[in-house]
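**Student:** Got a predicted structure here, sequence first:
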Amino acid sequence: QVQLVESGGGLVQAGDSLRLSCAASGRTFSPDAMGWFRQAPEKEREFVGRISWSSGSLVYASSVKGRFTISRDNAKNTVYLQMNSLKPEDTAVYYCAYSPGIVAGTRRYDYWGQGTQVTVSS
């Protein structure tokens with residue numbers, strides 16, 4: 001079992017920055033990758049990006065590329081999402097998720113945090 005706890009959300013103005021953290025615990029923490037997702041009101045959950053836990057390779061959604069940066073601290077079992085140049089359309093609940101790998105061609109995410117609210121005012 002893996003537990004994920006996000007923190008760092010808040011209310012900011014457009015153009016500001018925030019850094020979200022996702023701290024993981026559990027005896028079996030050994031992800032293939034850690035992902036970040038977000039969900040705005042009345043919208044479907046959206047992929048933000050992910051980081052390979054071993055290699056550190058990164059993938060980002062086009063909507064955040066160049067503004068958001070994912071990093072990790074393997075020793076602390078923590079993944080971060082640095083968000084710069086925030087826009088009102090970035091307003092959402094942000095979730096981190098644990099991926100054990102790819103199954104039948106699809107990346108699987110088995111564990112999710114409770115989410116942290118990010119609100120960007122114009």
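**Tutor:** That came through fine. Numbering: from 1, shown residues only.
**Student:** Let me see the contact set for the residue nearest the centre of the chain.
**Tutor:** A centroid search over the chain (Cα atoms, centre = their mean) returns residue 36, at 2.2 Å, as the residue closest to the centre. Contacts for residue 36 were tallied using Cβ atoms under 8 Å, 6 or more residues apart in numbering; they are 20, 22, 48-50, 70, 79, 81, 94-97. C-betas here are computed from N, CA, C, even on glycine.
**Student:** Buried ones among the residues you listed?
**Tutor:** When neighbours are counted using 16 or more other Cβ atoms under 10 Å, the contacts of residue 36 contain these buried positions: 20, 22, 48-50, 70, 79, 81, 94-97.
**Student:** and which of the residues you listed is nearest to residue 56?
**Tutor:** The shortest approach to residue 56 among the buried ones among the contacts of residue 36 belongs to residue 70, at 9.3 Å (Cβ to Cβ).
**Student:** Distance of that closest one relative to residue 81?
**Tutor:** Taking Cβ to Cβ, to the nearest Å as the measure, residue 70 and residue 81 are separated by 6 Å.
**Student:** Then residue 75?
**Tutor:** Distance check for residue 75 against residue 81: by Cβ to Cβ, it reads 18 Å.
**Student:** Next: residue 53.
**Tutor:** In terms of Cβ to Cβ, residue 53 sits 15 Å off from residue 81.
**Student:** Give the helix, strand or coil label for residue 86.
**Tutor:** Here residue 86 takes the coil state, with states given by DSSP: H, G, I helix; E, B strand; the rest coil.
**Student:** Now it: closest residue in space, sequence neighbours ignored.
**Tutor:** If you skip the residues right next to it in sequence, residue 86 has residue 120 as its closest partner in space, 4.6 Å away by Cβ to Cβ, 6 or more residues apart in numbering.
**Student:** residues touching that neighbour, list them.
**Tutor:** For residue 120, the residues meeting the contact criterion (Cβ under 8 Å, 6+ apart) are 12-14, 16, 86-91.
**Student:** avg pLDDT for the strand or helix carrying residue 49?
**Tutor:** Secondary structure assigned from DSSP states H and E places residue 49 in strand 46-52. Averaging pLDDT along strand 46-52 gives 98.
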